[in-house]
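J.: Sequence and predicted structure below; questions after.
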Number of protein chains: 2
Amino acid sequence: MAISAATVKKLRERTGLGMMDCKKALEESGGDVARAEELLRKQGLKAAELRTARSTREGRIGQYIHMNGRIGVLVELDCETDFVARNAEFERLLKDLCMQVAATRPLYVAPENVPAELVTREKEIAAAQLRDKPANMIEKICEGKLKDFYKQVCLLEQPFIKDGSKTVRELVNGVNAVLAENIVIKRFVRFEVGEEA
Amino acid sequence: MAISAATVKKLRERTGLGMMDCKKALEESGGDVARAEELLRKQGLKAAELRTARSTREGRIGQYIHMNGRIGVLVELDCETDFVARNAEFERLLKDLCMQVAATRPLYVAPENVPAELVTREKEIAAAQLRDKPANMIEKICEGKLKDFYKQVCLLEQPFIKDGSKTVRELVNGVNAVLAENIVIKRFVRFEVGEEA
């Protein structure tokens, strides 16, 4: 069937995807934009893993000022093209991330950003608390405690404040899949008046 | 002469100073608010040095997003009381500082925050460029070059972007004097899309 240029444009705006991908999905869905978006979303989820190797040189800085100016947050969210950086879904994600950082004060983006000596210290504390238990149990419980620690200090591991059923990582991956670009939280900072710098 | 409570309030709002100081200045100025503010400003400038030892536990975080979201800035400006943090002059200073950081990308607040090894390196580079000159000249020129270096990388030493006749330090000192509180740039951060983190 013939798909109008306006319909393709609409789907491109909603998904941030290429012309041909959108046209093909619309042909499959019989011109139904919502259904085509769903098809692309499913394909996107499969392709997301390949994309994470692609370079992200575009992006946006988001900000959030909270508590009458006593808390301030900056987040840099990067992507591959300025086209995606201007997408409403990308902007919404950036805003959500800023609010998340303001509310939950994470210290690192991901577990791999936590300094090794901090991880060692956490493991030692956990082991010390458990020294009366059998060795195989200690290892398992320590693993669990480390996971809890990452959930506290790593933005990507935290439950999303607006929907606790998913982590921030899952939130980012969802947008990543829809927009079909590698989307990366590059860095963030949180200032609060009265805290030690 | 009798000074109305409304006039005292007006002067307090303009200066952030105490009730008695404002009343006394108004009595001296014969009720002229502008002249009373000038009197207080002069006294404030004298008192500013004493104030810098007082503790700053209040303040505000300001933000500025520039270049369509490709540059983001946070600045923490601290003071002694929340009363001053809510003053319009304080807010204006915070806004100006955010714009300054966005435009001129300083790296440190003050010369004392520049790591010692960086200062040593700058001195060595300058000395290497001048090695044919007599020793007493080298020292003098090195001093000048170090000053230029601080002017580039230290926020307080930079010329103010809106009025190049004063430095940012002079700008802050001016507001400090008017508000009669110790006002301190505690920290700032500047993110730009595409730069190395």
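T.: Yep, that arrived.

J.: Nearest residue to the most centrally placed residue in chain A in space, ignoring adjacent ones along the chain?
T.: Nearest to the mean C-alpha position of chain A, by CA atoms, centre = their mean, lies A:V172 at 2.7 Å. Excluding the flanking residues, the one nearest A:V172 by CB to CB, 6 or more residues apart in numbering or on different chains is A:I183, at 6.1 Å. Bear in mind the C-beta positions are built from the backbone N, C-alpha and C, glycine included.

J.: before we move on, the earlier item: packing partners of the helix or strand containing the residue nearest to the centre of chain A?
T.: With elements taken from DSSP states H and E, the one containing A:V172 is helix A:168-179. Here helix A:168-179 touches helix A:33-51, helix A:88-104, strand A:159-160, going by 3 or more CB pairs under 8 Å, 6 or more residues apart in numbering or on different chains; DSSP states H and E.

J.: Could you measure from the residue lying farthest from the centre of chain A over to chain B?
T.: Relative to the mean C-alpha coordinate of chain A, counting by CA atoms, centre = their mean, the farthest residue is A:D132 (39.3 Å). Plainly put, A:D132 is 44 Å away from chain B if you go by CB to the nearest CB, to the nearest Å.

J.: any idea of the pLDDT on that residue?
T.: With respect to pLDDT, A:D132 scores 80.

J.: again with A:S4
T.: Reported pLDDT for A:S4: 89.

J.: How many residues are close by it?
T.: Neighbour count for A:S4, taken as other CB atoms under 10 Å in any protein chain shown: 10.

J.: For chain A, what lies in contact range of chain B?
T.: A:57-63, A:65, A:69-74, A:76, A:78, A:85, A:186-187, A:189, A:191-194, A:197 (CB under 8 Å from any CB of the partner chain).

J.: Burial-wise, tell me which of the helices and strands packed on helix A:168-179 comes out on top.
T.: helix A:88-104 (a mean of 19; mean count of other CB atoms under 10 Å in any protein chain shown).

J.: which is the next helix or strand following that helix?
T.: According to DSSP H and E, the helix or strand after helix A:88-104 is helix A:116-129.

J.: buried ones in that following helix?
T.: For helix A:116-129, the neighbour count (16 or more other CB atoms under 10 Å in any protein chain shown) marks A:E122, A:K123, A:A126 as buried.

J.: Select the helix or strand of chain A having the lowest average pLDDT value.
T.: Least confident helix or strand, chain A: helix A:33-51 with a mean of 68, by mean pLDDT, DSSP states H and E.

J.: Could you pull up the residues touching A:E58?
T.: A:D78, A:C79, A:E80, A:T81, A:D82, A:V84, A:A85, B:V193, B:G194 (CB atoms under 8 Å, 6 or more residues apart in numbering or on different chains).

J.: dump the residue contacts of the fourth one.
T.: By that I understand A:T81. A:E58, A:E181.

J.: Now do it, the pLDDT please.
T.: The model's pLDDT for A:T81 equals 92.

J.: distance of it from A:L179?
T.: 9 Å (CB to CB, to the nearest Å).

J.: now swap in the last one and tell me
T.: As defined by CB to CB, B:G194 lies at a distance of 19 Å from A:L179.

J.: now do A:K95
T.: Noted for A:K95: a distance of 15 Å to A:L179, by CB to CB.

J.: these two touch, right, A:I141 and A:A126?
T.: Yes. With contact defined as CB atoms under 8 Å, A:I141 reaches A:A126; the gap is 6.9 Å.

J.: quick one: secondary structure of A:L74?
T.: Assigned with DSSP: H, G, I helix; E, B strand; the rest coil, A:L74 falls in the strand class.

J.: Low-confidence regions, chain A specifically.
T.: By pLDDT under 70, the weakly predicted segments of chain A are A:1, A:13-17, A:44-54, A:197.

J.: quick one: contacts for A:V114?
T.: A:L107, A:Y108, A:Y150, A:V153, A:C154.

J.: List phi and psi for it.
T.: phi -70, psi 130 (degrees, to the nearest 10).

J.: just to revisit the earlier point, neighbour count winner among B:G194 and A:L179?
T.: The neighbour count for B:G194 versus A:L179, taken as other CB under 10 Å, is higher for A:L179 (27 against 11).

J.: doesn't A:A85 make contact with that one?
T.: No. Judged on CB under 8 Å, A:L179 makes no contact with A:A85 at a distance of 9.8 Å.

J.: and A:L130, how far is that from A:E143?
T.: On the measure of CB to CB, A:L130 and A:E143 end up 12 Å apart.

J.: Which secondary structure state does the residue farthest from the centre of chain A sit in?
T.: coil.

J.: ok now do it, which residues does it touch?
T.: Applying CB under 8 Å, 6+ apart, no residues contact A:D132.

J.: ok, now how distant is it from A:I138?
T.: A:D132 sits 10 Å away from A:I138, going by CB to CB.

J.: quick one, what contacts the residue lying closest to A:L146 once chain neighbours are set aside?
T.: Nearest residue to A:L146, sequence neighbours excluded (CB to CB, 6+ apart): A:E122, at 6.1 Å. Residues in contact with A:E122 (CB under 8 Å, 6+ apart) are A:K145, A:L146, A:F149.

J.: which of the residues of chain A next to chain B count as buried?
T.: Buried among those (16+ other CB under 10 Å): A:58-63, A:65, A:69-74, A:76, A:78, A:85, A:186-187, A:189, A:191-193.

J.: Inside strands: which ones of these?
T.: Cross-referencing those against strands under DSSP state E gives A:58-63, A:65, A:71-74, A:76, A:78, A:186-187, A:189, A:191-192.
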